[in-house]
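Enquirer: Got a predicted model here, sequence first, then my questions.
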Amino acid sequence: MKNKWSLVIHEVTTTTACIWFGTLFHDLRKPVETRITLYDHDDNEVAQKSIMQNEWERPFSQIKTQRFCKVIEFSALQQGTEYKVKVVEIFSNEDFDDIPLSSGTFTTLPESVNDLNDGFTIAIGSCYYEEYDGGRVGQSYQALALSDKTEFKPHIKFLTGDQVYLDIGWDSLSVIPKEIRDRVANDYALHWQALRGMHRNGGTWFVADDHEYWNNYPLVKGLSPFIQALRISKVKRAWTGTADDGVINVQRSQPVRTFDIGSDVSFCVVDLRAFRTKKRVLPKEELEKLCHWVSNLSKPGVLVLSQPMIEKRGSSSDRNFVSYEQDYAKVVKAIKNANHDVLVLSGDVHYGRVSSVEFEGRQNKLYEVVSSPLSNLSGLGGIATNYVTSRNRLKTFPDIDIDGIEKSPIQYKDPWRVTSTFSLFDFRYPKRRTKENLFTLKLNKTNQGKLKVEVRAWLVREKNRRNGLPKQDWRKPVVFEMK
């Protein structure tokens, strides 16, 4: 029987780790005492905290069933250090042994990317549809995270949206609020169970995209039965409220978060969906925070977004970041005028690619790495699969006219995309699709003071039988240096 407990390592710093533990299923009892223990690499106990029965919290505020969780923060940890996590249920009765519930690993942030063996590695992925995955994404990621091959081992990861697909399906959608809330929670439970190998290994920063709500959120446009049901006010309230709980209480997303690795690299993680309105992609003060981060970079910057920067303007039925022209233009201008290179990491588009832009009259560059999907949509939903070719890729950036910004050619250096596949006999997928993938980026500081980035694309449904890791899509990684 599959484990119904979820252990998620959320954000880590040089000295702290935020750990989420609980169950999103409705049929587990609350333990009297749950103990979370940290161990160092030599299995020496480092720290221990307990969750008592009366301390559990509800992840979904309007659901009164047994779904429950707790966030625990450990502090006073050592920087750049790997820790093991073990979770057990404690029994006061000596006749019963403690029951192991889950385990995981994480590494605290180093002071420099060169402090860790072979450099500091981050992973990125997006768009996960559970139906035909069979746990392979979690297995592939865990194989990388626990590998002895330290040049591949990801230390942290960014999951950039569509971690669940709440609005996909052609079944009979209930319009009863309680049943709608249970459906949303059940989708989270199944997806978090399937992704447990990924969630419990290494610090995680989540941001949301539209399928954490519904396609084109917050707009209600489209002909699917799900979209039509949202026109009923009680359905929309129940769906939106429960989806918000999933994003805020389970994924723990925030509008803008920043952190640095010493003087080597700065990160900014931005949720472009959960806080979106019809007119703004972010609240005004959060957009200003993002632009301030870009404009005041004192080192290369990594900008993590729910949707790509280097992309065509979306349609009215599927608006993207570019569609919000006023907010998008401010970010583009800030990146062009930045003092350092900016690397955008994103997903959403159901293909994987690497590209870059040189701005006219400027020394700094914009790089972008997109990883999507972790697991493709299937069946009738499979019409939303995608792939990119040299013919349909964007040629110049930006796609829209922006005052003060000259359109620049987009550079694609081989290898630049994840391969695609199609089989007439695979009825799960009606169209050609990008192979399921996640990316890793290894960061090292060069002797010349630049940030060297090595990008690898991993095919999560194909295993390398020699080492047990997922297959790499490219013979060699894509390599560039940021300044």
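Expert: Received the coordinates, thanks.
Enquirer: which helices and strands sit right next to the helix ranked longest in the chain?
Expert: In the chain, with assignment by DSSP state H, the single longest helix is helix 177-194. Applying 3 or more CB pairs under 8 Å, 6 or more residues apart in numbering; DSSP states H and E, we find helix 177-194 packed against strand 6-12, helix 233-245. Every residue, glycine included, has its C-beta placed from N, CA and C.
Enquirer: State the mean pLDDT of the longest one.
Expert: Average pLDDT, helix 233-245: 96.
Enquirer: First-to-last residue distance for stretch 122-132?
Expert: Terminal residues of stretch 122-132 are spaced 26 Å apart (CA to CA, to the nearest Å).
Enquirer: List the buried residues in that stretch.
Expert: For stretch 122-132, burial by neighbour count (16 or more other CB atoms under 10 Å) applies to Ile122, Ala123, Ile124, Gly125, Ser126, Cys127, Tyr128, Tyr129, Glu130, Glu131, Tyr132.
Enquirer: can I assume Leu394 is in contact with Gln411?
Expert: No - using CB atoms under 8 Å, Leu394 is not in contact with Gln411; the gap is 11.5 Å.
Enquirer: List of residues touching stretch 257-268?
Expert: If you take CB atoms under 8 Å, 6 or more residues apart in numbering as the criterion, stretch 257-268 is touched by 11, 13, 109-114, 120, 205, 256, 269-270, 290, 293-294, 297-304, 443, 445, 451.
Enquirer: what about that stretch, how long is it end to end?
Expert: Counting by CA to CA, you get 6 Å between the two ends of stretch 257-268.
Enquirer: related to what we said a few turns ago, among the helices and strands packed on helix 177-194, which is nearest His340?
Expert: Among these, the nearest to His340 by CB to CB is strand 6-12 (23.4 Å).
Enquirer: Which neighbouring elements make contact with the helix or strand following that closest one?
Expert: Using DSSP states H and E, the next helix or strand after strand 6-12 towards the C-terminus is strand 17-23. Secondary-structure packing of strand 17-23 (3+ CB pairs under 8 Å, 6+ apart): strand 6-12, strand 33-39, strand 68-74, strand 82-89, strand 99-107.
Enquirer: State which strand of the protein is the longest.
Expert: Scanning the chain for the longest strand, with DSSP state E as the assignment, gives strand 451-463.
Enquirer: Can you check my assumption that Gln79 lies in a strand?
Expert: No - going by DSSP: H, G, I helix; E, B strand; the rest coil, the assignment for Gln79 is coil, not a strand.
Enquirer: Helices along this structure, start to end?
Expert: Using DSSP H, the helices found in the chain span residues 136-145, 177-194, 196-199, 225-229, 233-245, 284-295, 325-336.
Enquirer: For stretch 134-148, list every residue counted as buried.
Expert: By neighbour count on 16+ other CB under 10 Å, the buried set for stretch 134-148 is Gly135, Arg136, Val137, Gly138, Gln139, Ser140, Tyr141, Gln142, Ala143, Leu144, Ala145.
Enquirer: ok, the fourth one - contacts?
Expert: The one in question is Gly138. By CB under 8 Å, 6+ apart, Gly138 lies in contact with Ala194, Leu195, Arg196, Gly197, Met198, His199.
Enquirer: Which one (most neighbours) among these?
Expert: In terms of neighbours by other CB atoms under 10 Å, these top out with Met198 at 30 neighbours.
Enquirer: related to what we said a few turns ago, can you list the buried residues of stretch 134-148 in a markdown table and add distance to Met52 and pLDDT?
Expert: Listed next are the buried residues of stretch 134-148 as a markdown table, based on distance: CB to CB, whole Å; pLDDT from 0 to 100:
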| residue | distance to Met52 | pLDDT |
| --- | --- | --- |
| Gly135 | 32 | 94 |
| Arg136 | 36 | 96 |
| Val137 | 34 | 98 |
| Gly138 | 29 | 97 |
| Gln139 | 33 | 97 |
| Ser140 | 36 | 98 |
| Tyr141 | 32 | 98 |
| Gln142 | 30 | 97 |
| Ala143 | 35 | 97 |
| Leu144 | 35 | 97 |
| Ala145 | 30 | 97 |
